[in-house]
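1. Need a 3D model of the sequence below.
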Amino acid sequence: MAKIAIIPGSFDPIPNGQLDVMARSAKLFDKVYVAVLNNTVKSPLFSADERVALIQRVTKGFDNVYAESFAGLLVDFAKSKNAQFIIKGLRAVSDYEYECQMALANRNLAPDIETFFITSSPNYSYLSSSIVKELARHNAPLENLVPNEIVQDIYNKFNKI
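-> Next up, the predicted model:
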């Protein structure tokens, strides 16, 4: 049976820390689905389709990583992909507290789906999409924060606002 994992998130935009978790997961699992949350309550910088396209661009070197958007419950998306694992990247203790609650809720809904935590590489432990957007809003350098392939996409988005 293929080992299939889901990496959920908003990825608005995708920082290098999340890309690192994807790359490391791609080595551990047969298939990795990057599940881009289409949350209608939030006002993301990039649409769900744009975020999927950005992820597809930066993961094109991995033949077992696929990006798709979803709405609703993560466990329902995981079941639709026959996934047995959910992967969550952790940057700090504060991430763990929230992600542990989510993992327990998911386990209650789908006991056969395990959640794995992958700690962030130390050089990305401070990095989030929110920080990237704030820096981009002020035209600060984004190199080493996001994949080089999407730096201009981020700046272009702020120039349109």
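
2. Show the low-confidence segments of this structure, by residue range.
-> Counting by pLDDT under 70, the low-confidence segments of the chain come to 161.

3. Buried residues, the lengthiest helix in it. List them.
-> Longest helix in the chain, counting residues (DSSP state H): helix 93-109. Residues of helix 93-109 classed as buried by neighbour count (16 or more other CB atoms under 10 Å): 95, 99, 103, 106. (Glycine included, C-beta is placed from N, CA and C.)

4. I'd assumed residue 75 was in contact with the last one.
-> Yes: here residue 106 reaches residue 75: they are 5.2 Å apart, a contact under CB atoms under 8 Å.

5. between the two, what contacts are shared?
-> Counting by CB atoms under 8 Å, 6 or more residues apart in numbering, the contacts common to residue 106 and residue 75 are residue 113.

6. hmm, back to that, which helices and strands does whichever helix or strand comes after the longest helix of the chain pack with?
-> Per DSSP states H and E, helix 93-109 leads on to strand 114-119 as the next helix or strand towards the C-terminus. Counting contacts by 3 or more CB pairs under 8 Å, 6 or more residues apart in numbering; DSSP states H and E, strand 114-119 packs against helix 16-28, strand 85-90, helix 93-109.

7. tell me the angle of the last one relative to strand 114-119?
-> Here helix 93-109 runs at 170 degrees with respect to strand 114-119, directions being taken by axes from the mean of the first three to the mean of the last three CA atoms, to 10 degrees.

8. The shortest one now?
-> Between strand 85-90 and strand 114-119, the angle formed by their directions is 30 degrees, by the same axes, to 10 degrees.

9. Just the CA trace of strand 85-90, in PDB.
-> Provided in PDB are the C-alpha atoms of strand 85-90 (Å, rounded to 0.1, in the frame of the first residue of the first chain):
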ATOM      1  CA  PHE A  85      -0.900  10.700   7.300                       C
ATOM      2  CA  ILE A  86      -1.200  14.400   7.900                       C
ATOM      3  CA  ILE A  87       2.100  16.300   8.100                       C
ATOM      4  CA  LYS A  88       2.400  19.500  10.100                       C
ATOM      5  CA  GLY A  89       5.500  21.700  10.200                       C
ATOM      6  CA  LEU A  90       6.400  23.100  13.600                       C
END
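
10. orientation of it relative to helix 16-28 in degrees?
-> Orientation of strand 85-90 against helix 16-28 (the same axes, to 10 degrees) gives an angle of 150 degrees.
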